[in-house]
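S.K.: Quick one, structure for this:
(3 chains, ligands or ions: 3)
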Amino acid sequence: MDYLYFPGCTLYTKAKNLDVAARECAKIVGFELRELPNWTCCGATFPLAIDNLMALLPPSRILATAMEAGGNLTTLCSVCFNVLRRTSYLLESDLEKREKIFDFIEMEYRDGLRVPHYLEILRDEVGFETVKAKVKRDLKGLRVAPYYGCLLLRPFDEMRFDDKENPTILERFVESIGCEPVDFPYKIECCGSFQSVSAPEVAIECGYAILKSALKNGAEVMVSTCPLCQFNLDTKQREIREEYPEFQGIPVLYFSQLMGLSFDLPMEILDFQRNDVDPLPFLERKGLL
Amino acid sequence: MGRVGVVFCLCERLGDSVDKKAEGIQETIEKEVDFNWLATHPGVCTKWGIDFLIKAVREQKLEGVVIACVAPKSVGPTLKKAIVRETNGTVLTRCIGLPVGNPEPSTQSETVETLKRSLDELRNEKSPQRAGPSIERAMVVGGGIAGMTAAIDLGNGGYETILVDRLPSIGGRMLQLSETFPTLDCAQCTLTPKTVETGQHPKIQLRTYCEVEKVEGKAGHFTVTLRRKAAYVDWEKCTGCGLCQEKCPQKTPSVFDRGVGLGKAIYTLSPQAVPNKPVINPETCRYLQEGKCRVCEKVCPVDAIDYEQKETFIREEVGAIVVATGFDLYPLSQIGEYGSGSIPDVVDGLAFERLLSASGPTTGEIRRPSDGRVPKEVVFIQCTASRDPDRYMPYCSRVCCMYTAKHAKLYKHKVPDGRAYVFYMDIRSTGKGYEEFIQQGMEEEGTCYLRGRVSRLFQDGEQIMVWGVDTLTAKRVEIAADMVVLATAIIPSEGAGILAQKLPGVETDVHGFFTEAHWKLYPVDTGTDGIYFAGCDQGAKDIADTVAQGSAAASKVQALFAQYRNETSPEAQGQR
Amino acid sequence: MKIEISEKSVRNEIARTVEWVSGQNLFACYQCGNCTAGCPVSFAMDLGPHQVIRYTLLGLVSEVLASNTPWICASCLQCTSRCPKGLDIARIMEALRTVVLRKKERLDHISIVDLTDDLIDRTPQIAFISGFRKFLS
Ligand SMILES: Cc1cc2nc3c(=O)[nH]c(=O)nc-3n(C[C@H](O)[C@H](O)[C@H](O)COP(=O)(O)OP(=O)(O)OC[C@H]3O[C@@H](n4cnc5c(N)ncnc54)[C@H](O)[C@@H]3O)c2cc1C
Ligand code: SF4
Ligand code: SF4
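M.R.: Ligands and ions are numbered 1, 2, ... in the order given. All right, here's what the predicted structure looks like:
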């Protein structure tokens, strides 16, 4: 069970802690991530102007490369996943645009490429039972708030990832590695996204509301799936605390880090140094290390 | 059949668009279609048009005629009746539609095809024979206010009527209501006299806890097979004393109380139920589920409990059928952004009616289902799952503006220090006295109307967070509410589609409501003579309109019986 | 407080451009405000998304283009996901940004020179790329 893997611009650098742990865990549960050859940045936004074909070129090229290489294409970052999944939907459903784009990139369109998210592979191909069977470290009692954000879920008709109002795939994942999922209403609310570079004060409000809601519902840690969410929810806690001094903070981990922890992977792989809010002291106190 | 003719109505009222179309296809028709006589007329539905038709039928010695015009559903019945009358039922007619607008080749060939089909049908139809008078007995399916009204009218007219309901007793949704707009009179006080009258009427026979299994035959002569579900109680013996219900140890959330109250496994729908005989719910009964209990059997003084009772089938011969199967509400479980039914203090309108009802689970006190506390901030959301073509139902459910205003008022009467907020998009209060009712609620009860939708609801501690908007101030609105009442869309009652399939020629629209023979002129007629409908199974409506349709359907049935008795050729006659 | 509207202002040229670029029919909006109600960043907007649609439709385009709304929008698609009329409001926001950014004046809405080293150091690339894509011409 091999997948072509699209790391995108961030996974080998700022989000190494998402990437490395995920690839290690994949091996443990029985699949391999093969890096897609010749990949480029996907553009990091799906163009919403219907006349903007230019922005569809990079993701189309990435998909075409995967079609050429054969096999299915997976990715970890929610932004990349959204762009690739939506582009793939568009290429399937809009033949006119498809023809134009493929004429331009001079590549051949082939049917049948699937773009599953890593979590979908766990759910649909590996099975959460298998994940559960590989757990080595007992994380029982760890209350985890699963954060989805926008890009995994919306638009529903194109993403078809999970229920748009009440997704549960992360809850099932969290359960499979022995933790207790915490339901909190902000799990599908936006983290502020790219506003953190243009209107940081807005993004801070978004992040604060999400973290506060998770804490209020009894979460001890949060899991995220995306480097941009991670940035707004973890890295930005410093700014949030400046704005709201009473905010106590909460560790935010990539789902792959938590999975790696439950598989008892070495600390170099889990790479918690990269998380701004270091989860180790808390995990230690909780007796989970 | 002998000679057949075709008449195109050019409908001068529509200018020359039809004219051209008819001209355009005339050639094709002459080449491809087999007929004996063809004519056009500028207005067949007028007095002189009808005269023209009758004269032509006589002079051309036609035995069948197809009329093509732009409004076959409303014009057809009139022409048909005129021809039947004038020819003593010896000439058959068909009326087919002509599209309005420019003659597209595709619609042209469609018209030609329809014409051919109609001519074939005419030729294959046997000459009208006297079918004899109708069986002068009617069946009404659904014992809500629509069905009861129809049954009482028919009974008063002297016709034996069988009233079928799938629940153990009659009354329908009104039985669940507290007080009714626009008069705020007690629903029970309006309804009970009707249920009692229905139950005691010498001409009305109740067949409750029954569903329609099969319908055969046609107007005047239907054979209906009913399936009587197993009640596990012998109603012949039962005296309705109620001991069994009192002693039954099994309490589960009651469907009748919309989950905000508990009910027993052996139950009647209300203390005044008609008939006042209980049934056992096999899904919750301890004995039927787990093989232990039999408490009701022990306490029943007349030995009426029968755990072995099986369903039975009953055949009824009737001349006409009125379908009045009413409505359901759009399920909360399907509304994700409002918590999919998982937030206990988010309820639908009928649940709130149960809380308001003196006979309800809280004896009329407004208490939160979660903790029994009296809610002080209550948010009402109109148009939930209505007027929402992208996600839910596209239509307006018609009664929600009014019953929400009623709910807010009644809430305020019961909790004077509470605040009611209503999210609305438009207020539709078109009935008599309705607008006054709304205004009174705003002015005198201080109901706070906020114009806008609510995007999301979620449990936030003990309260429910409401994310709405007031588009009049253009501000996003957040309310931490104690309770939220959703005015969810009115949808056809479950199984209406299946029932429609059993009724020959009866159709439902995309939402499952019964389709009327003509939008305006035949509002209670189905596509089949002898089958009518009334009430919310045709579309959302209030009690007054429902009752009007009930009476309308009953009078249609009586007219049918009379026609079949008097006319020589009832089959060709029909009602339309 | 007064506006004059006429055949010329209602669905004027800019509104038609917005409709074309977004693929949405502004007349389909019945102003329920659900988009504004669920928008996670509407608290910071001058005009709610529903107002933006109304203003654009009526021809009050300069007010819309002067508002911060399209530039605060995070393209989270919550509005799109819940609009009862199936309007893709996020696309309308993008179209409005497009109307501004495609002008020859290049009215950029991020100033790269002002980004601090600390921010550049901490921020993941995707945030910049998507931000630049949305806000630079
Ligand atoms: C919350 C709420 C409050 C309301 N308040 C008011 C008000 O204050 N004033 C007002 O004018 N209107 C009010 N209405 C509207 C009113 O309830 C309806 O107009 C009325 O109940 C419609 O009656 P009906 O007979 O058509 O249907 P129903 O009352 O639904 O009756 C249908 C009957 O048919 C039976 N049935 C269904 N399917 C079958 C089947 N397949 N076989 C056999 N039997 C079947 C059912 O068991 C039921 O007994 C309110 C509606 C709601 C939802
Ligand atoms: S949610 Fe849709 S219909 Fe409602 S105001 Fe917004 S765009 Fe208009
Ligand atoms: S896409 Fe933009 S306008 Fe729509 S809800 Fe998200 S931030 Fe608000």
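
S.K.: what about the helix or strand containing residue B:408 and chain C, any contact?
M.R.: In the assignment (DSSP states H and E), residue B:408 maps to helix B:400-414. No: using Cβ under 8 Å from any Cβ of the partner chain, no contact is recorded between helix B:400-414 and chain C, whose separation bottoms out at 14.6 Å. Where C-beta positions appear, they are placed from N, C-alpha and C, glycine not excepted.

S.K.: can I get the CA coordinates of whatever helix or strand comes next after that helix in PDB?
M.R.: The helix or strand immediately downstream of helix B:400-414 is strand B:419-424, counting by DSSP H and E. Output in PDB follows, covering the C-alpha atoms of strand B:419-424 (Å, rounded to 0.1, in the frame of the first residue of the first chain):
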ATOM      1  CA  ARG B 419     -37.900  37.300  27.100                       C
ATOM      2  CA  ALA B 420     -38.900  35.900  23.800                       C
ATOM      3  CA  TYR B 421     -36.900  36.600  20.700                       C
ATOM      4  CA  VAL B 422     -38.000  35.600  17.200                       C
ATOM      5  CA  PHE B 423     -35.700  35.300  14.300                       C
ATOM      6  CA  TYR B 424     -37.700  35.800  11.100                       C
END
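
S.K.: quick one: contacts of strand B:419-424?
M.R.: B:376-383, B:401, B:404-405, B:407-408, B:411-412, B:445-454, B:468, B:479, B:481 (Cβ atoms under 8 Å, 6 or more residues apart in numbering or on different chains).

S.K.: List the buried residues in the helix holding residue B:408.
M.R.: By 16 or more other Cβ atoms under 10 Å in any protein chain shown, the buried positions in helix B:400-414 come out as B:400-412.

S.K.: Repeat that for stretch B:279-298.
M.R.: Neighbour count says stretch B:279-298 has B:279, B:280, B:281, B:284, B:285, B:287, B:288, B:293, B:295, B:296, B:297 buried, by 16+ other Cβ under 10 Å.

S.K.: what's the answer for stretch B:461-470, then?
M.R.: B:463, B:464, B:465, B:466, B:467, B:468, B:469, B:470.

S.K.: Let me know the closest of those residues to residue B:334.
M.R.: residue B:464 (18.5 Å; Cβ to Cβ).

S.K.: Confirm for me that that closest one is in contact with residue B:457.
M.R.: Yes: with contact defined as Cβ atoms under 8 Å, residue B:464 counts as touching residue B:457 (5.7 Å).

S.K.: Now for the two: what residues contact both?
M.R.: B:343, B:346, B:484.

S.K.: Can you classify the residue nearest to the second one when sequence neighbours are not counted by secondary structure?
M.R.: The shortest distance from residue B:346 to any non-neighbouring residue, by Cβ to Cβ, 6 or more residues apart in numbering or on different chains, is to residue B:484 (4.5 Å). Following DSSP: H, G, I helix; E, B strand; the rest coil, we place residue B:484 in the strand state.

S.K.: Can you name the residue of chain A nearest to chain B?
M.R.: In chain A, the residue that lies nearest chain B is residue A:165 (3.0 Å; Cβ to the nearest Cβ).

S.K.: Quick one: the helices in the stretch 1-150 of chain A, in order.
M.R.: Counting by DSSP state H, counting those that start in this stretch, the stretch 1-150 of chain A has helices at residues A:8-11, A:16-29, A:57-69, A:78-93, A:95-105, A:118-120, A:128-133.

S.K.: any idea how far the longest one is from the chain center?
M.R.: Going by Cα atoms, centre = their mean, to the nearest Å, the spacing between the C-alpha centre of helix A:78-93 and its chain's C-alpha centre is 15 Å.

S.K.: hmm, that helix touching ligand 3?
M.R.: No: Helix A:78-93 lies apart from ligand 3 when judged by Cβ under 6 Å from any ligand atom; the minimum separation is 12.9 Å.

S.K.: Just the angle for that helix relative to helix A:95-105, thanks.
M.R.: Between helix A:78-93 and helix A:95-105, the angle comes out at 110 degrees (axes from the mean of the first three to the mean of the last three Cα atoms, to 10 degrees).

S.K.: Helix, strand or coil: sort out whichever residue of the stretch 301-450 of chain B sits closest to ligand 3 for me.
M.R.: Per Cβ to the nearest ligand atom, residue B:337 is where the stretch 301-450 of chain B lies closest to ligand 3, at 13.0 Å. When classified by three-state DSSP, residue B:337 comes out as helix.

S.K.: quick one: it and residue C:82 touch, right?
M.R.: Yes: the criterion here is Cβ under 8 Å, and residue B:337 meets it with residue C:82 at 6.0 Å.

S.K.: out of those two, which sits in the busier spot?
M.R.: Counting neighbours by other Cβ atoms under 10 Å in any protein chain shown for residue B:337 and for residue C:82 shows that residue C:82 has the greater number, 25 against 22.
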